[in-house]
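Engineer: got a predicted structure here, sequence first:
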Amino acid sequence: MDERAKTAASKFLSLVLRHQPEVAGLTLDAAGWVNVDALLEGCAACGNGLTRAQLEHIVSTSSKQRFAFSEDGLRIRANQGHSTEVELGLTPVEPPTRLFHGTVAAALPAIRAAGLQRMARHHVHLSADEGTALAVGGRRGKPVLLRVDAGAMHAAGHLFYLSANGVWLTTDVPSAFIEGLSAG
Ligand code: HQG
C-alpha cells in the first residue's frame with residue numbers, strides 16, 4: 001500500500017469509525033467499538049476494501065494513533081474525534097498548567113465571544129505542545145496559537161481527559177481562560 005492509498009484508507013476509516021458508520025453498513029457500540037471482521041466486510045461491500053494486514057498496518061503506523069484494537073484484537077475503534085454519540089470511558093485527569101489550541105484569525109471574534117466550543121466534535125481538542133497546536137490550526141490557514149490556562153480551569157472545576165493518542169479534551173474553554181485573545 002503506497003502512502004496515498006494509506007491516507008485514503010485512513011480517511012475512510014475515520015469517516016466510518018467517527019462519523020458515519022452507516023456508509024459501511026455498520027453501527028458502533030456505546031463505546032465506539034465495531035467488530036473487525038464486520039468492518040472489513042463493510043468496507044469491502046461499499047468499494048473501500050482492505051485486508052486485515054493493511055488495516056493493522058494503518059493502525060500501527062498512524063502517526064496520530066487515530067485507531068485502536070481492543071485487547072483481544074477482535075474489535076476496533078477511533079481513539080477520539082467522534083461526531084456520533086459514543087462514550088469513550090475516559091477518566092478525568094489533572095491537566096498540565098498550560099495547554100495550546102491552534103486556530104485561524106477568522107475564528108477569533110467568535111472565540112472571543114463564546115470561548116472555544118467543541119463545534120461538531122465531542123470535546124474541544126487541546127495539545128500539550130505548541131508545535132502540534134500550530135499544525136492543527138495550519139490545516140485551515142495561517143495558524144494562530146492560543147494558550148489555555150488549564151491549571152486555572154482545573155481549579156475552577158472544569159474536567160480534562162487525555163485521549164489514548166495524547167490529545168487533551170475538555171467540554172469548552174471560556175474566553176477568560178484563553179491568553180492571546182487580544183481585543184479588537
Ligand atoms: C474553531 C485533527 C468559531 C477551532 C487535528 C477549530 C486535531 C471556533 C474549529 C483534531 C470556536 C473546529 C481537532 C468558536 C472553536 N467559534 N470557531 N466559538 N471554537 N472554533 O476540526 O481543534 O485529523 O473540530 O479553533 O489534528 O481544529 O481529526 O477541531 O478551528 O487533533 O485526527 O473551530 O482534528 O485530528 O475544528 O482539530 P475541529 P480542531 P484528526
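Structural biologist: Nice, I can see it.

Engineer: give the contact list for Thr103.
Structural biologist: Thr103 makes contacts with 111, 137, 140, 143-144, 146, as judged by C-beta atoms under 8 Å, 6 or more residues apart in numbering. Every residue, glycine included, has its C-beta placed from N, CA and C.

Engineer: per-domain residue ranges of this protein.
Structural biologist: Per automatic domain parsing, the structural domains of the chain span 3-78, 98-179.

Engineer: looking at those domains, which is closest to Thr91?
Structural biologist: Distances from Thr91 to each of the domains of the chain were compared by C-beta to C-beta, and the smallest falls on domain 98-179, at 7.1 Å.

Engineer: ends of the closest one, how far apart?
Structural biologist: Between the opening and closing residues of domain 98-179 lies a distance of 10 Å (C-alpha to C-alpha, to the nearest Å).

Engineer: quick check: mean pLDDT across it?
Structural biologist: The average pLDDT for domain 98-179 rounds to 96.

Engineer: now check that domain, is it near the ligand?
Structural biologist: Yes - shown here: domain 98-179 in contact with the ligand (C-beta under 6 Å from any ligand atom) through 103, 107, 110-111, 114, 116-117, 119-121, 125, 136, 140, 167.

Engineer: go on, stretch 62-78?
Structural biologist: Yes - using C-beta under 6 Å from any ligand atom as the criterion, contacts between stretch 62-78 and the ligand involve 64, 66.

Engineer: average model confidence for that stretch?
Structural biologist: Mean predicted lDDT for stretch 62-78 stands at 93.

Engineer: who's in contact with it?
Structural biologist: Contact with stretch 62-78 is made by 10, 13-14, 17-18, 28, 31-36, 39, 55-56, 58-59, 79, 81, 86, 164-166, as judged by C-beta under 8 Å, 6+ apart.

Engineer: in strands only, show me these.
Structural biologist: With DSSP state E as the criterion, strands contain 34-35 from among the contacts of stretch 62-78.

Engineer: neighbours of Arg98, how many?
Structural biologist: Taking other C-beta atoms under 10 Å as the neighbour definition, Arg98 ends up with a count of 15.
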